[in-house]
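In: prediction below, plus the sequence it came from.
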Amino acid sequence: MFSLRYLKIWVGGAILLLLCVCGLAAPLLAPRDPQAQTLEDRLRPPRWTENGSSAYLLGTDNLGRDMLSRIIYGSRISLMVGAATVIFAGFVGCALGAVAGYFGRTADEVVSKVSEIFLAFPFLLIAIAIMAFLGQGVGNLIMALMLSRWVQYCRVVRGEVLSIRERDFVTAAKALGAKDWYVLLRHVVPNTFASVTVIATFGMAIVIITEASLSFLGLGVPVHIPTWGSMLSEGRSYINRAPWLTIFPGLAIFITVFGINLLGDGLRDILDPKLRRQR
């Protein structure tokens, strides 16, 4: 069972690393320009379905664009949006949660009320509303996802801080004359990193699915940028004639989310002291 926990981390980490390499080295790995249109090759099936006669490994879309190249470039947007959202949402949520949990009173009441307002609405609905107001764009997409995801970090960190601030080492630091902000940043916040790491890992998978959903609805990044969600949206009109237009982007999303969730599950098994004691 001990080795199984590390197996999850190795497999999930390998999948995530492979996707990061694909995203960073997309110009080198993609066989063609993802925007290059070859209308005479439109809706060309994958290579193995034509007895090797096709020049396109994963086929082409309705405009003759290479599916493999578009999927490779699509990993850039998914990973960039996922990582940026986790960083910004984690920073905002952890900062507010730490302040609310440590200082309490007015700060805790204000932060709790604001978080309850955000929790009253489904996070996907919040993201759709923000994107409909701001318009398409990578920056707007990251902002919309950040505003819909910071609450999870805030509530977990607040609960952790409420418990940590009552421990003996915090009391000892205060007795030695340490200021509240020093104690919070030096002794309290670092002890929440394990929980935040697990939340961030699972949160990244949710963000990637949300980004694909928004792109599918036409509310994500501009249409000229290849994304897995927009590829699914374009391929649904040809699902009976050219099923590979939806199969391969869907598999890309599935493998990415599976790898990240596997990594998060392994990190939770290792970092959670309760699970460690059970094993």
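Out: Structure received.

In: any idea how far stretch 107-116 is from the chain center?
Out: 25 Å (C-alpha atoms, centre = their mean, to the nearest Å).

In: what does that stretch contact?
Out: Residues outside stretch 107-116 that contact it (C-beta atoms under 8 Å, 6 or more residues apart in numbering) are Leu96, Gly97, Val99, Ala100, Gly101, Val151, Cys154, Arg155, Arg158. C-beta: built from backbone N, CA, C; applies to glycine.

In: which of those tops the neighbour count?
Out: When neighbours are counted by other C-beta atoms under 10 Å, Gly97 leads the contacts of stretch 107-116 with 30 neighbours.

In: what sits closest to it if chain neighbours are left out?
Out: Val157 (3.2 Å; C-beta to C-beta, 6 or more residues apart in numbering).

In: report pLDDT for the one you found.
Out: On pLDDT, Val157 comes in at 92.

In: pretty sure Leu232 contacts Thr246?
Out: Yes: with contacts counted by C-beta atoms under 8 Å, Leu232 reaches Thr246, the gap being 5.5 Å.

In: give me the low-pLDDT residue ranges for this protein?
Out: Per-residue confidence for the chain (pLDDT under 70) gives these ranges: 1-5, 50-54, 272-279.

In: contacts only, for the residue nearest to the spatial centre of it.
Out: Closest to where the C-alpha atoms of the chain average out (C-alpha atoms, centre = their mean) is Met204, at 2.3 Å. With contact set as C-beta under 8 Å, 6+ apart, Met204 has these partners: Gly82, Ala83, Thr85, Val86, Ile260.

In: would you quantify the distance from it to Ile77?
Out: Counting by C-beta to C-beta, to the nearest Å, the gap from Met204 to Ile77 is 14 Å.

In: okay, now Pro27: neighbour count?
Out: 10.

In: which helix or strand contains it?
Out: Here Pro27, judged by DSSP states H and E, is contained in helix 26-29.

In: ok, back up a step: more crowded one of Leu232 and Thr246?
Out: Regarding Leu232 and Thr246, a neighbour count based on other C-beta under 10 Å identifies Leu232 as having more, with 22 against 18.

In: what sits against the more buried one?
Out: With contact taken as C-beta under 8 Å, 6+ apart, Leu232 is in contact with Ala212, Phe216, Thr246, Pro249, Gly250.

In: repeat that for Ala83.
Out: Met204.

In: thinking again about what came up before, quick one: which of the contacts of stretch 107-116 is nearest to Pro34?
Out: Nearest to Pro34 among the contacts of stretch 107-116: Val151, at 35.4 Å, using C-beta to C-beta.

In: list the helices and strands whichever strand or helix holds that closest one packs on?
Out: Using DSSP H and E, Val151 sits in helix 138-164. On a contact count with 3 or more C-beta pairs under 8 Å, 6 or more residues apart in numbering; DSSP states H and E, helix 138-164 meets helix 67-103, helix 105-119, helix 123-134, helix 193-216.
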